[in-house]
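Peer 1: sequence and computational prediction follow.
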Amino acid sequence: MSNKRTAIQMSPEEAAAFLDEQVTVTCATNGRDGFPHLMPLWYVVRDGTIWAWTYAKSQKVRNLERDARCTLQVEAGDSYDQLRGVMLKCAAAIHRDPEVVAGVGTELAARYGGGGHVTPAHASNRVALQFVVKETASFDHRKLG
């Protein structure tokens, strides 16, 4: 790893704080046609792990059922000297238990919509996605000085 690369890398604590403060993760799954399939998701961080929910019949779920490997990216910054981001190579676990899905939905509602309780009945057509991190890369151009 180059000195410049090392200099702009976030510490694990910085990366965790960054993920806590951002609001959208881009999830790249492997499409059956060989092309990456990228979609934005709202997410919550539970014990250091990113969780999201989505419709059970969505293309990203179909892709993850076929191949659990995915890459997540969260980024911020409007100019080169302010760019920062975290990339996570993951294996996605798909949770279909209505209680688990509703729990994630409730946390998402609290984080993005001001609250509200999601019941298992409201979550019946969704799944919860748990992203198990295999490898992490990060950058923070504000460290360039």
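Peer 2: The structure has been received and is ready for your questions.

Peer 1: so what touches the longest helix along the chain?
Peer 2: Scanning the chain for the longest helix, with DSSP state H as the assignment, gives helix 98-112. Contacting residues not belonging to helix 98-112 are listed as 23, 42-44, 46, 51-53, 95, 115-124, 126-128 [Cβ atoms under 8 Å, 6 or more residues apart in numbering]. Every residue, glycine included, has its C-beta placed from N, CA and C.

Peer 1: mind listing which of those are in helices?
Peer 2: Using DSSP H, the subset of these located in helices is empty.

Peer 1: now do the same end-to-end measure for stretch 13-29.
Peer 2: Counting by Cα to Cα, to the nearest Å, the length from the leading to the trailing residue of stretch 13-29 is 27 Å.

Peer 1: got a list of contacts for it?
Peer 2: Residues from elsewhere that reach stretch 13-29 (Cβ under 8 Å, 6+ apart): 10, 36-43, 45, 48, 50, 52, 59-60, 63-64, 67, 70-76, 84, 86, 92, 112, 129, 131, 136, 138, 140.

Peer 1: looks to me like residue 139 is in a helix.
Peer 2: No: assigned with DSSP: H, G, I helix; E, B strand; the rest coil, residue 139 falls outside any helix and is strand.

Peer 1: in the longest helix of the chain, what's buried?
Peer 2: Buried residues in helix 98-112, counting neighbours by 16 or more other Cβ atoms under 10 Å, are found at 98, 100-109.

Peer 1: same thing with stretch 133-145?
Peer 2: Counting neighbours by 16+ other Cβ under 10 Å, one finds that the buried residues in stretch 133-145 are 138-140.

Peer 1: and these as CSV, adding pLDDT and distance to residue 28?
Peer 2: Formatted as CSV, the buried residues of stretch 133-145 follow (pLDDT from 0 to 100; distance: Cβ to Cβ, whole Å):
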residue, pLDDT, distance to residue 28
138, 97, 17
139, 96, 17
140, 96, 21
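
Peer 1: and of those residues, the nearest to residue 80?
Peer 2: Taking Cβ to Cβ as the measure, residue 80 sits nearest to residue 139 out of those, at 11.3 Å.

Peer 1: correct me if wrong: the closest one contacts residue 80.
Peer 2: No: counting by Cβ atoms under 8 Å, residue 139 does not reach residue 80; the two are 11.3 Å apart.
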